[in-house]
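[1] I would like to see how this sequence folds:
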Amino acid sequence: MAQLINCPDCTKQLQVPEDLLGTLVQCPACRQTFIAAMPAPPSNPGPAPVPEEPPPPRDDDRRDYDDDRPIRLPLRPERMPGKVQAIGIMSLIGGIFAILVAIGLGAGTIGKCCLWPGIYYSLVFGIIAIVRASAILGARGHMEKLPTGLAIMHMVNIINGDVPNLVLGIIIMVFCNDEEVRGYMAK
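    Next up is the predicted model:
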């Protein structure tokens, strides 16, 4: 049987199935995450109100009831696996190094007609890698997708002669295939 609870942020009333009580859920209206808990009993005990069941949907009623249900989110594991930390650190170092490569290549082409287009790739990749690494190493790292695309971007930066990022990309790709990493991060 579903319990009625209020979102602590927007106070929208949500129907939460009993199997979701005590787990981390997300309000579909405001996207606030919170632990679904039983509502506290009123301080003035009186006759218990009889919960009203919503009427069954009619055939002509096209309302999607899934929109009112909270979204179940996985609870954060107690400890981040070492390989996930390594992926985050390698991506952070690779992003910083890619920005340094872009600056070096840009400084080497000052006064020339055209800049090497790989400079722009290296700069954009460096920024993306730093942002993704920060997210992976953050408190919600377990909700991040596997960074296989980021690993490919590391490897593609070889167009600028960036061998360290090629190596980091290969190692990150290998770590992404590890069962512990796949179990920790979102698919």
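
[2] For the chain, which segments are assigned as strands?
    Using DSSP state E, the strands of the chain run over 2-6, 13-17, 24-26, 33-35, 71-72.

[3] Looking at those strands, which one is packed in the most?
    Mean neighbour count, computed with mean count of other C-beta atoms under 10 Å, is highest for strand 24-26 among these, reaching a mean of 18. The C-beta positions use only the backbone N, C-alpha and C, and glycine is treated the same way.

[4] follow-up on the earlier one: now the strands of the chain in JSON lines, with mean pLDDT and distance to Ile136?
    Shown next, in JSON lines, are the strands of the chain (pLDDT from 0 to 100; distance: least, C-beta to C-beta, whole Å):
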{"stretch": "strand 2-6", "mean pLDDT": "83", "distance to Ile136": "32"}
{"stretch": "strand 13-17", "mean pLDDT": "85", "distance to Ile136": "30"}
{"stretch": "strand 24-26", "mean pLDDT": "84", "distance to Ile136": "19"}
{"stretch": "strand 33-35", "mean pLDDT": "82", "distance to Ile136": "18"}
{"stretch": "strand 71-72", "mean pLDDT": "62", "distance to Ile136": "22"}
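
[5] Rebuild the ones you listed as TSV, extending it with distance to Gly118.
    Below are the strands of the chain laid out as TSV (distance: least, C-beta to C-beta, whole Å):
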stretch	distance to Gly118
strand 2-6	53
strand 13-17	50
strand 24-26	41
strand 33-35	40
strand 71-72	41
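
[6] Break this structure down into its structural domains.
    Here the domain parsing of the chain from automatic domain parsing is 2-72, 82-184.

[7] Burial-wise, tell me which of those domains comes out on top.
    When the domains of the chain are scored by mean count of other C-beta under 10 Å, the highest mean neighbour count falls to domain 82-184 (a mean of 17).

[8] longest helix of the chain?
    If each helix of the chain is counted by residues according to DSSP state H, the longest one is helix 82-108.

[9] Against which helices or strands is that helix packed?
    Of the remaining helices and strands, those touching helix 82-108 by 3 or more C-beta pairs under 8 Å, 6 or more residues apart in numbering; DSSP states H and E are helix 118-137, helix 148-156, helix 163-176, helix 179-184.

[10] Need those helices in JSON lines (columns: mean pLDDT and distance to Ala29).
    Below are the helices and strands packed on helix 82-108 laid out as JSON lines (pLDDT from 0 to 100; distance: least, C-beta to C-beta, whole Å):
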{"stretch": "helix 118-137", "mean pLDDT": "92", "distance to Ala29": "24"}
{"stretch": "helix 148-156", "mean pLDDT": "93", "distance to Ala29": "31"}
{"stretch": "helix 163-176", "mean pLDDT": "94", "distance to Ala29": "34"}
{"stretch": "helix 179-184", "mean pLDDT": "88", "distance to Ala29": "29"}
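
[11] measure the residue nearest the centre of the chain to Glu18 for me?
    Against the mean C-alpha coordinate of the chain, by C-alpha atoms, centre = their mean, the closest residue is Glu144 at 3.2 Å. According to C-beta to C-beta, to the nearest Å, Glu144 and Glu18 sit 30 Å apart.
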